[in-house]
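1. A structural model of the following input is requested.
(chains A, B and C)
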Amino acid sequence: MEALLTQWQRQKLPLLFYASEDVVQVAQSLLGKILVTHFADGLTAGRIVETEAYAGVTDKASHAYKGRTRRTAVMFDTTGTAYIYLCYGLHQMFNVVTGPPGVAHAVLVRATAPLAGAELMALRTGKKLGDSSVARGPGNVGKAFGFHISQSGTSLLGNEIFIADDVFVPDSLLIRSSPRIGVAYAAEHADWPYRFFISGDVHVSGIRRNK
DNA sequence: TCTATGATCCCCT
DNA sequence: GGGGATCATAGAT
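-> All right, here's what the predicted structure looks like:
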């Protein structure tokens, strides 16, 4: 376990990866990468199987659309950091801030396949060990990895929260896109195919998992 | 201060 | 497949 952590720390994605101006490309590239959190209560890691791109101030579905607020400032001011916010009063949603300086792009991590700390994930979510839904859906990802809104703004170049590339490449034939979930209010932007997932993977959230 | 509102999930039918 | 949970945020008052 310790060896894995050290290996993933060496394979940490560099700032350059996040600084790309193409948030859709970044969202797609994050499929197959490894999300790692290492907090006081332990290590958890999972392979990312589902993401959504949110294209800054031009995207009606993005929190950044309404402009800069105290909550969204981290998207405007940084890149390669965590943007974590509370949804429906109970779900801690984990996003990756991307884009060049001043550009408020973000990628929501919607689902992962557990690789390490499965026991801790089960404990945090109250699910049974081996339940494939433990990090399926953004609310569950938040719980399983132990995210909290107080960690919003944490750099992904540190050792508490980061993303690693172990050179695993998902089968490109299995990568699908679809409209994003739960953004009907975003009018004409609701139909943008900004959700990416690995087709058929049981760790992908419910709708249209197998198409 | 006060109020409406969610980038959701789970449990119950 | 429908509704309740549950609360920080933002904008109005």
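2. any weak-confidence spans in chain A?
-> A:206-211 (pLDDT under 70).
3. Up against DNA strand B, what does it have?
-> Contacts of chain A with DNA strand B, taken as CB under 7 Å from any atom of the strand, map to A:52, A:54, A:61-64, A:83, A:86-91, A:93, A:95, A:106, A:108, A:125, A:127, A:133, A:136-140, A:180-183, A:185, A:205. Bear in mind the C-beta positions are built from the backbone N, C-alpha and C, glycine included.
4. And A:Arg136, how far from A:Gly42?
-> Per CB to CB, to the nearest Å, A:Arg136 is found 20 Å from A:Gly42.
5. Repeat that for A:Lys12.
-> A:Lys12 is 19 Å from A:Gly42, where distance means CB to CB.
6. For the closest residue to DNA strand B within chain A, grab the count of nearby residues.
-> For chain A, the residue closest to DNA strand B is A:Gly137, as judged by CB to the nearest atom of the strand, at 1.8 Å. When neighbours are counted by other CB atoms under 10 Å, A:Gly137 registers 18.
7. Repeat that for A:Ala73.
-> Using other CB under 10 Å, A:Ala73 has 15 neighbouring residues.
8. Check the gap between it and A:Gly102 for me.
-> Applying CB to CB, the value for A:Ala73 to A:Gly102 is 12 Å.
9. is stretch A:90-100 up against DNA strand C anywhere?
-> Yes. Using CB under 7 Å from any atom of the strand, stretch A:90-100 comes into contact with DNA strand C via A:Leu90.
10. got a list of contacts for that stretch?
-> If you take CB atoms under 8 Å, 6 or more residues apart in numbering as the criterion, stretch A:90-100 is touched by A:18-21, A:23, A:26, A:30, A:35, A:54, A:56, A:74-75, A:78-87, A:104-109, A:138-139, A:141-143, A:145, A:147-149, A:156, A:163.
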